[in-house]
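Participant: what's the 3D shape of this:
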Amino acid sequence: MHLQFENRIKTAYKFVIFMLFLNSMHPWYIWTNQLFLITIGIGALCSIAILCLRNPFRLSKEDVGLFFILLIYSLFECLKSNINGIIQNIVLFVVWWGLLSLNNEDRKEYINYITKWFSILLLISLFTYLLWLFDIWNIEPTEIEYKDVGYSALNYITFIIQNDGRLTNFFRFMSIFAEPGHMTMGIVPLIILNNFNLKNKYVLILFIAEIWSFSLAGMITLFIGYVLFNFNKHLIKGLAYLILACSGLVIMFESLGYGDVIEVFLWSRLEVNDDGNIAGNNRFTSQVDTEYNKLFNSIDFLCGKEVDQNIIDGSAGYKVFIIQNGLVGLILAIRYIHIIS
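Facilitator: This next block holds a predicted model:
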């Protein structure tokens with residue numbers, strides 16, 4: 001009976017962690033409600049149950065340091081928050097504590113679970129998106145807005161299209177998430193954690209979805225990750241497959257008369273501007289650059305700070321993450337990816 005109860009708790013916990021993973025990429029279904037906060041709350045309850053099933057203080061040597069960094073970070077966040085912020089930070093701390101309590105086998109199981117169901121979601125989404133893109137399946141979308149971050153999109157249920165007037169948006173796959181870059185933040189770590197094993201059908205689906213997103217940052221991150229994690233005799237073979245896949249996509253678009261899409265999404269973004277910067281390196285506004293530089297002249301560089309949403313609207317990448325989460329948040333993110341890998 002006890003074993004059956006424990007298995008049910010683990011199953012519920014896996015599902016909640018998967019939902020938190022999806023919610024971190026801002027899917028359309030959380031845009032107009034409090035589902036994100038509700039999921040965090042349920043995640044905390046499941047985490048408490050998981051912690052009760054094992055010794056919560058029995059952490060590996062690697063995890064002990066991460067636990068105290070997480071604790072200090074949460075305390076800093078509570079000190080500068082109102083009562084709602086304090087509750088949210090405590091709940092998030094419990095969720096992270098639950099993840100840290102997992103052993104290596106559990107972590108592998110959770111990564112496989114997330115990889116499987118995320119790829120199935122993307123497969124359904126990409127299939128319906130391609131049917132729509134090639135005018136095989138017609139469906140009337142609804143307009144939705146994500147007022148918290150200033151997004152507007154056309155909602156086709158299984159996928160969305162950014163609704164900012166740019167025709168090129170129709171050719172960038174982003175599934176149900178706020179933008180291609182958000183989807184990339186979920187895909188790339190999973191491909192790396194699965195050691196770029198494209199023989200795994202779920203990893204292959206993730207890779208295809210990433211290519212179709214035309215996310216330059218995602219492509220570069222995958223390339224660097226592959227070189228760093230697979231610097232051996234198989235490197236050349238793997239890079240050849242990557243080049244072959246990208247070339248096939250380029251040839252297909254050219255043959256269908258969409259060569260200008262490749263020009264806009266890739267080649268033009270790799271050009272060097274007069275100031276010596278790559279044209280595609282435009283993820284930050286001047287306001288974000290200013291806030292980023294100011295951050296390191298104050299104590300906020302440790303745990304980040306809250307900034308006006310108008311300042312970070314239209315920006316993405318590491319500078320926005322560091323502004324909001326600080327150096328400690330960055331260390332936690334990198335460290336946890338290293339641990340579960």
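Participant: I161: which element?
Facilitator: Using DSSP states H and E, I161 maps to strand 160-162.
Participant: and that strand, which strands flank it?
Facilitator: According to DSSP bridges, strand 160-162 has the following sheet partners: strand 151-155 (antiparallel).
Participant: other residues contacting the strand it pairs with?
Facilitator: Outside strand 151-155, the residues within contact range by CB atoms under 8 Å, 6 or more residues apart in numbering are 26, 28, 31, 141-146, 160-164, 178-179. Just so you know, the C-beta spots here come from the backbone N, C-alpha and C atoms, and that holds for glycine as well.
Participant: which of these count as buried?
Facilitator: Using 16 or more other CB atoms under 10 Å as the burial test, those include 26, 28, 31, 144, 160-163, 178-179 as buried.
Participant: circling back: mind picking the lowest-pLDDT entry from the contacts of strand 151-155?
Facilitator: Here the lowest pLDDT out of the contacts of strand 151-155 sits on D164, with 72.
Participant: per-residue confidence for the spatially closest residue to that residue that is not a sequence neighbour?
Facilitator: Leaving aside its chain neighbours, D164 sits nearest to S152 (6.6 Å; criterion: CB to CB, 6 or more residues apart in numbering). Per-residue pLDDT puts S152 at 86.
Participant: wait, G326 sits on S298?
Facilitator: No: in this structure, G326 is not within contact of S298 by CB atoms under 8 Å, at 10.5 Å.
Participant: neighbour count: these two, which is higher?
Facilitator: G326 (22 against 9; other CB atoms under 10 Å).
Participant: about what we covered before: closest one of the buried ones among the contacts of strand 151-155 to E77?
Facilitator: Nearest to E77 among these: H26, at 20.6 Å, using CB to CB.
Participant: list the contacts of I90.
Facilitator: 74, 78.
Participant: thinking again about what came up before, helix or strand right after the strand holding I161?
Facilitator: Stepping forward along the backbone from strand 160-162, the first helix or strand reached (DSSP H and E) is helix 180-193.
Participant: tell me the helices and strands packed up against that next one.
Facilitator: Other helices and strands packing on helix 180-193, by 3 or more CB pairs under 8 Å, 6 or more residues apart in numbering; DSSP states H and E, are helix 104-133, helix 201-213, helix 216-229, helix 318-340.
Participant: show me what counts as buried in it.
Facilitator: 180-193.
Participant: from those, which has minimum pLDDT?
Facilitator: Note: of those, the lowest pLDDT belongs to G181, at 83.
Participant: let me know the closest of the buried ones among the contacts of strand 151-155 to D135.
Facilitator: Using CB to CB, I161 comes nearest to D135 of the buried ones among the contacts of strand 151-155, at 14.3 Å.
Participant: where does pLDDT dip in the stretch 1-150 of the chain?
Facilitator: Residue ranges of the stretch 1-150 of the chain with pLDDT under 70: 1-3, 54-58, 62, 148-149.
Participant: what's the answer for the stretch 151-300 of the chain, then?
Facilitator: Within the stretch 151-300 of the chain, the segments meeting pLDDT under 70 span 165-169, 230-286, 295-296, 299.
Participant: give the contact list for S74.
Facilitator: By CB under 8 Å, 6+ apart, the residues touching S74 are 89-90, 92-93.
Participant: okay, those residues in a markdown table with secondary structure next?
Facilitator: Formatted as a markdown table, the contacts of S74 follow (DSSP: H, G, I helix; E, B strand; the rest coil):
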| residue | secondary structure |
| --- | --- |
| N89 | helix |
| I90 | helix |
| L92 | helix |
| F93 | helix |
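Participant: can you tell me which of the residues you listed is closest to I17?
Facilitator: Relative to I17, the closest of the contacts of S74 is L92; by CB to CB it sits at 12.9 Å.
Participant: isn't the closest one right next to L37, touching?
Facilitator: No: shown here, L92 and L37 do not form a contact pair, counting by CB under 8 Å, at 10.6 Å.
Participant: so which of the contacts of S74 comes closest to I42?
Facilitator: Once CB to CB is applied, the member of these that ends up nearest I42 is L92, at 12.8 Å.
Participant: how far away is the closest one from F177?
Facilitator: Taking CB to CB, to the nearest Å as the measure, L92 falls 21 Å from F177.
Participant: the more surrounded of these two?
Facilitator: Taking neighbours as other CB under 10 Å, L92 and F177 compare with F177 leading, 24 against 19.
Participant: any idea how far L102 is from L126?
Facilitator: Distance, L126 to L102, by CB to CB: 30 Å.
Participant: again, but for F170
Facilitator: When F170 is compared with L102 (using CB to CB), they lie 41 Å apart.
Participant: the more surrounded of those two?
Facilitator: Legend: neighbour count by other CB under 10 Å for F170 and L102, higher for L102 (20 against 14).
Participant: which residue, other than its chain neighbours, is closest to that one?
Facilitator: Taking CB to CB, 6+ apart, and ignoring the residues beside it in sequence, L102 has Y110 as its nearest neighbour in space, at 6.9 Å.
Participant: quick one: that neighbour and F15 touch, right?
Facilitator: No: assessed by CB under 8 Å, Y110 is found out of contact with F15, at 10.6 Å.
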